[in-house]
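I need the structure of the sequence given here:
(chains A, B, C and D)
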Number of protein chains: 2
Amino acid sequence: MIISSKGRYALRVMIDLAEHADQGFISLADISARQEISLKYLEAITALLNKAGLLDSLRGKSGGYKLKKKPEDYTLREILEVTEGGIVPVNCACLTGDEECERSALCPTMPVWQRLDKIISDYLQSVTLKDLITESR
Amino acid sequence: MIISSKGRYALRVMIDLAEHADQGFISLADISARQEISLKYLEAITALLNKAGLLDSLRGKSGGYKLKKKPEDYTLREILEVTEGGIVPVNCACLTGDEECERSALCPTMPVWQRLDKIISDYLQSVTLKDLITESR
DNA sequence: ATAATTCCTATAAAGTCAATAGGAATTTAA
DNA sequence: TTAAATTCCTATTGACTTTATAGGAATTAT
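Numbers count the residues shown, from 1 in each chain, chains lettered A, B, ... in the order given. Just a heads-up that it's a prediction; the model follows:
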């Protein structure tokens, strides 16, 4: 799985924050109730988003989170990369680069993994948070 | 990870078989030596490919495997789907379909997962085993 | 016959994922 | 000034998946 439930939930959190952007800081308790995701799991997810600088946070009573940028300025790629710790479709050294691969010089599969990686990356880069927001009806 | 090491190895096996297609049945011992993958793991991988009907096999002395079709008639998609047991980028019910999702009617993320799935699927469908074969030099 | 091979079932070790727990630090609001 | 609400931090757990390996049965060419 390229995108785990952490990434899926992160997207729902960001959408929720975008849809309530006019209400200042939104508490995780509110998001938990609306999205039916446990408070504790939400804490883990927003910790990642916050550390990466995607959110503003305020501690203490009537605190919470809000978006730091406009929805159209977040790409799905940046949101998902933060929560997943990198988006890689294949655990091959030619993509992860964490170890040397002796075969790389004549590896027939390398171009495929690199193109696949680019296709995915490009698509996720092309969609913004704003694209996901459903107008309230 | 959308594609595990089993899928990566499967591709290398298929390439190896394609490159030695003129030599009749190729034993896993030979592939193991060339590809530096353990015999036992190769057995597990070819079992999947064989059960799915992608290979011809012959047991006993001087037995082995060979391709059932021409390299240009295998898509990466069919090879990888067999060894991975399905290629799905996100563990969401809208793709796996193994359980009902109450949110689906107004889920803002569903179209993204479906498009991502299609992009990946289309790309892997468009590349054949023949495309991967490097002419010997 | 025998050697080489695929085929079958089981198992083990390591890693990842999904989620929870408990409490410290902070801040607002009563 | 105190109490309540909230984020923040570190740790842990159970389930599941991945990546193999082991032992031997069945089969077949030589």
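
going forward, measure contacts and count neighbours with C-alpha atoms only.
Noted.

Pull up the gap between residue A:33 and chain B, please.
Summarising the geometry, the distance separating residue A:33 from chain B, computed by CA to the nearest CA, to the nearest Å, is 14 Å.

quick one: the helix ranked longest in chain A near DNA strand D?
For chain A, the helix reaching the highest residue count under DSSP state H is reported as helix A:110-126. No: figure legend: helix A:110-126 not in contact with DNA strand D (CA under 7 Å from any atom of the strand); closest approach 14.9 Å.

and the next helix or strand along the chain from that helix, what does it pack onto?
Following the chain from helix A:110-126 toward its C-terminal end, the next helix or strand by DSSP states H and E is helix A:129-132. Helices and strands in packing contact with helix A:129-132 are listed as helix A:5-19; criterion 3 or more CA pairs under 8 Å, 6 or more residues apart in numbering or on different chains; DSSP states H and E.

got the contact list for the helix it packs on?
Helix A:5-19 is contacted by residues A:26, A:31, A:35, A:37, A:45-46, A:65-67, A:71, A:76, A:79-80, A:83-84, A:129, A:132-133, B:91, B:109 when judged by CA atoms under 8 Å, 6 or more residues apart in numbering or on different chains.

Give me the buried entries from these.
A:26, A:31, A:37, A:45-46, A:65-67, A:71, A:76, A:79-80, A:83-84, A:129, A:132-133, B:91, B:109 (16 or more other CA atoms under 10 Å in any protein chain shown).

Who are the contact partners of the closest residue to DNA strand C within chain A?
With CA to the nearest atom of the strand as the measure, residue A:60 is the residue of chain A nearest to DNA strand C, at 3.1 Å. With contact taken as CA under 8 Å, 6+ apart, residue A:60 is in contact with no other residue.

The longest helix of chain A: which residues count as buried?
Taking 16+ other CA under 10 Å as the criterion, helix A:110-126 shows A:110, A:112-114, A:116-117, A:119-121, A:123-124 as buried.

Just send those back as a markdown table, with distance to DNA strand C too.
Formatted as a markdown table, the entries for those read as follows, by distance: CA to the nearest atom of the strand, whole Å:
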| residue | distance to DNA strand C |
| --- | --- |
| A:110 | 21 |
| A:112 | 22 |
| A:113 | 18 |
| A:114 | 20 |
| A:116 | 18 |
| A:117 | 16 |
| A:119 | 20 |
| A:120 | 17 |
| A:121 | 17 |
| A:123 | 21 |
| A:124 | 18 |
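
Tell me the pLDDT of the residue lying farthest from the centre of chain A.
Going by CA atoms, centre = their mean, the residue of chain A most distant from its centre is residue A:106, 34.6 Å out. You'll see residue A:106 listed with a pLDDT of 85.

mind checking the backbone torsions on it?
phi -130, psi 30 (degrees, to the nearest 10).

circling back: restrict the buried ones among the contacts of helix A:5-19 to contacts with DNA strand D.
With the criterion set as CA under 7 Å from any atom of the strand, the members of the buried ones among the contacts of helix A:5-19 near DNA strand D are A:26, A:46, A:65.

name the helices or strands packed onto the helix or strand bottoming out on mean pLDDT in chain A?
Confidence across the helices and strands of chain A bottoms out at helix A:93-96, with a mean of 88, counting by mean pLDDT, DSSP states H and E. In this structure, helix A:93-96 makes packing contacts with helix A:110-126, judged by 3+ CA pairs under 8 Å, 6+ apart.
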